[in-house]
Structures are given as structure tokens and as C-alpha cells.
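>>> Need coordinates for the below:
(one chain, ligands or ions: 1)
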Amino acid sequence: MPNDFMSKLAASARAAIADPARITIVGNDAKPRFELFHAASSLCSQKVRTVLFEKQLPYRSNDMLILSAMGPDGVIPAEHYHPPYVRLRLMAGREIGRDFVSGYSGRTAVDTDGFDPCVVPLLVDYQASRVIADSRRICCYLDAVSRAPVQLLPDDDRARAAVMRQMEIVDQMPNGAMLYGAHPDADRRPEALKTVMETVYDHKIAAIEAMLAGNAGDTELVTAYRAKLAKERGGRAVRRDAAFQRAARHHAAGALQELDRTLGASPSPYVAGHAFSLADVLWGVNLVRLAYLGLASMWDDLPNVGRYVGLLAKRPSLCREAVRATIDSLPPSPHMDALGACAEAAPA
Ligand SMILES: N[C@@H](CCC(=O)N[C@@H](CS)C(=O)NCC(=O)O)C(=O)O
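Numbers count the residues shown, from 1 in each chain. Below you'll find the predicted structure:
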């Protein structure tokens, strides 16, 4: 893709960010190779930022508002729903070659659920003239293009397969279901979050409908927004569905039990092999989210998971990009102490 075209599209996507203070440079390079569109609170963005931190890579950071809101003049669409950002994402989506998302599963895995054209994160690599979508792919991409100071995907085939296997397991976690949905028996989500989630789907749907109406002549955008609309309508339909919510929690419980067994058999404190890897990045971010939602009791009887959570929260990258970012960007949670001490690195 020609670089100036990509740069112009990225600049237009940036222009939708209401507060310029949310556009910053991370690191010591005024013209960095990478640009990230993300959100402080987003689980998938936290994974990518953790990798960028581990790699000490400078980047332009666009911290987007990903919640739509209702203003006096009607809906205010989330910043990542605006056409230039969606167009940038569609370019990245072509490389992935999957169909668009067509419904709601409570997961966000592109392999099994399809490509969502209206989500973060998204990485622009100006050196390679590429746009990369999907947190798992972005994390692997960053590891491939930048091997130092730490390698997060091993070269050895078996070790690499073990890391990839864990990444697939985390990708299948029903995080959307547990964040947006109300569990019928034990909804332990922070009260302030529950309040936000009461209207989240109505606002999302109104915003996408507004985008559809405003771009009715653009077939590509219409197809993308229709896919997003189908997903979010599906989410609204099951957000209080008891069986759906119980199934999501049951799936997460099974994955944590398996994690406990895997950690028990691991030759190191890490989940795949001897060294800290992308598997630990993804699990770390996901475990922080579960703790935030009040679900740390799910590992009360899983001692290996308990130890693992404590270890990961002490890693400066995860401490800053998952624990601190969650505290600073999501409604307050009384459950964060479950993570133990967090070891944030001094600012660069
Ligand atoms: N498979 C994608 C999923 C991305 C995703 O679902 N992002 C969420 C935040 S973690 C999002 O942007 N949600 C806002 C929305 O749906 O409008 C990835 O891993 O990058």
C-alpha cells in the first residue's frame, strides 16, 4: 500500500479523536515507525501495548473513546466507528481474508467469529507500509519484526506451538459476554460498570445506525456497518440470557482449570516453556480483566493460577498496561486487590 495514502487515512482516523491530549508519542522517537489505534480500557489493546512495552518500541498512540454516548443532539458515535478508521481496518481485514462477523458469540476471535470492522486495536507500520488488525496477529507481527530486547515467540517448533496453543485458548475466552452481560446468579461486576452496561448496546446500535444512514452511498462501508449491527443486536439479545451467561462463565472456569494443570506441568513459572512469552502476555491481560470483574474467586482452588497471577502482576509491562490501565480507564472496581502487588516501572 502506498505510504502517503496510508498516512492520509491514518491522519483522518486520528482527526476523529475529540481530545488531542489522547494522541501522544510513546518512547523517544518523534517520527516512530509504528502507530497504534487503541483504547486504554480495551483488553485486546492492552495485549498489544504490553508487547510494545516489552519490546521498548516507540509508537504514536491514539487512545480512542470506544463507547458511544447520547448527547443533547442525539448519539455521539465512538471514535473508532468513523469512516476513515473503518476504511483503514478494512485494508487490514483484506490481508486476514476472513468473512465479516455475522452474529454474537460473546467471544471476539477472528478465526472462529469473523472479522469485526469496527473494533480496536489496529497497528500501522510505516516502514513496511502495512496495516495489521487483530491483537493476536499484531502481537506475533511485532515479535517477528523486532526480536530484541526480549523474544516472545520461541524459534523452536514445539515450543512455538505450545505458545500458539495458549494464545488460541485465550482468544476463545468469552470476554465480551462477561463484560457486557449480567450473570443471573452472581453478577460481581463493579456497580459503576453495571450502570454503563445498562445502555451500552442501545448507544452502540444507535451509533452504527447513524453511520449507516450517513454513508448509505458507500457499499463497502454499508457492508461493514451492517456486519457490526448484526453482532451488536445479537449481543443485546443475550446480555441477560441466563443460559448464555452461565455457559460463558462455565467456559471460562474450564479454561482456568486447564491453565492450572498446564502450569502444574510446566518446567518454569510460565505457561509455555522456560521463558516469558506471548502466552503469558495474553493470559496476564485476561486474568487482570477477570479480577476486575470480581471473578478472582474462580481460581481460589487453583493454586498454580493464583501464583501465576501474582507473578504476572509484578511484571512492569503488565503492571502498567493491564493493571494500571484498567484502574485508570474503567469504572472503579473493589476487586483489584486480588492481583497482589503490582510493580510499575519508572516512567521512561
Ligand atoms: N479479535 C479482535 C477483537 C477486538 C475487539 O473486540 N475489540 C474491542 C475491545 S477489546 C472493541 O473494540 N470494542 C468496541 C466495540 O465493539 O465497539 C482483536 O483481538 O483485536
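>>> This structure: helices as residue ranges?
Assigned by DSSP state H, the chain shows helices spanning 3-15, 43-55, 83-96, 110-113, 135-145, 157-171, 175-180, 191-214, 219-238, 242-265, 278-292, 303-313, 316-318, 325-329.
>>> With respect to Val120, which of those lies nearest?
helix 43-55 (5.4 Å; CB to CB). Every C-beta, even on glycine, is put in place using the N, C-alpha and C of the backbone.
>>> Which strands or helices does the closest one pack on?
In terms of contacts (3 or more CB pairs under 8 Å, 6 or more residues apart in numbering; DSSP states H and E), helix 43-55 is packed against strand 34-38, helix 135-145, helix 278-292, helix 316-318, helix 325-329.
>>> Need these in a markdown table (columns: mean neighbour count and mean pLDDT).
Putting the helices and strands packed on helix 43-55 into a markdown table (neighbours: other CB atoms under 10 Å; pLDDT from 0 to 100) gives the following:
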| stretch | mean neighbour count | mean pLDDT |
| --- | --- | --- |
| strand 34-38 | 25 | 98 |
| helix 135-145 | 20 | 98 |
| helix 278-292 | 26 | 98 |
| helix 316-318 | 23 | 97 |
| helix 325-329 | 17 | 97 |
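>>> Any chance of these in a markdown table with distance to the ligand as columns?
Output for the helices and strands packed on helix 43-55, formatted as a markdown table (distance: least, CB to the nearest ligand atom, whole Å):
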| stretch | distance to the ligand |
| --- | --- |
| strand 34-38 | 9 |
| helix 135-145 | 3 |
| helix 278-292 | 9 |
| helix 316-318 | 16 |
| helix 325-329 | 12 |
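>>> can you list those in CSV and add distance to Leu88?
Output for those, formatted as CSV (distance: least, CB to CB, whole Å):
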stretch, distance to Leu88
strand 34-38, 8
helix 135-145, 14
helix 278-292, 24
helix 316-318, 26
helix 325-329, 23
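>>> Tabulate the helices of the chain (JSON lines), appending distance to Val119.
Below are the helices of the chain laid out as JSON lines (distance: least, CB to CB, whole Å):
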{"stretch": "helix 3-15", "distance to Val119": "13"}
{"stretch": "helix 43-55", "distance to Val119": "7"}
{"stretch": "helix 83-96", "distance to Val119": "8"}
{"stretch": "helix 110-113", "distance to Val119": "10"}
{"stretch": "helix 135-145", "distance to Val119": "10"}
{"stretch": "helix 157-171", "distance to Val119": "14"}
{"stretch": "helix 175-180", "distance to Val119": "10"}
{"stretch": "helix 191-214", "distance to Val119": "11"}
{"stretch": "helix 219-238", "distance to Val119": "9"}
{"stretch": "helix 242-265", "distance to Val119": "19"}
{"stretch": "helix 278-292", "distance to Val119": "16"}
{"stretch": "helix 303-313", "distance to Val119": "25"}
{"stretch": "helix 316-318", "distance to Val119": "22"}
{"stretch": "helix 325-329", "distance to Val119": "16"}
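>>> out of those helices, which comes closest to Asn28?
Closest approach to Asn28 among the helices of the chain (CB to CB): helix 43-55, 13.6 Å.
>>> Quick one: neighbours of the residue of the stretch 151-300 of the chain found nearest the ligand, just the number.
Here the stretch 151-300 of the chain gets closest to the ligand at one residue, Lys204, 6.0 Å apart by CB to the nearest ligand atom. Counted by other CB atoms under 10 Å, the residues lying close to Lys204 total 26.
>>> do the one 10 residues further on as well
Using other CB under 10 Å, Gly214 has 14 neighbouring residues.
>>> wait, doesn't Ala78 sit right on Leu65?
Yes - counting by CB atoms under 8 Å, Ala78 touches Leu65, with 6.0 Å between them.
>>> Looking at the two, which is more packed in?
Between Ala78 and Leu65, counted using other CB under 10 Å, Ala78 has the larger neighbour count: 24 against 19.
>>> how far away is the nearest residue to the more buried one once chain neighbours are set aside from the ligand?
The spatial neighbour of Ala78 that comes closest, neighbours along the chain excluded (CB to CB, 6 or more residues apart in numbering), is Ser68 at 4.6 Å. Applying CB to the nearest ligand atom, to the nearest Å, the value for Ser68 to the ligand is 8 Å.
>>> The residue most central in space within the chain: what's it in contact with?
Among the residues of the chain, the one closest to the centroid is Cys44, at 1.2 Å (CA atoms, centre = their mean). The contact partners of Cys44, taken as CB atoms under 8 Å, 6 or more residues apart in numbering, are Thr108, Val119, Val120, Pro121, Ser135.
>>> Tell me the most packed of those residues, by neighbour count.
For the contacts of Cys44, the largest neighbour count, defined by other CB under 10 Å, is 31 neighbours, found at Ser135.
>>> Output the below-cut-off pLDDT ranges for this structure.
Within the chain, the segments meeting pLDDT under 70 span 1, 345-348.
>>> how about the residues of the stretch 151-300 of the chain near the ligand?
Lys204 (CB under 6 Å from any ligand atom).
>>> what about 8 Å?
By CB under 8 Å from any ligand atom, the part of the stretch 151-300 of the chain that sits against the ligand consists of Asp171, Asn175, Gly176, Lys204, Lys228, Lys231, Glu232.
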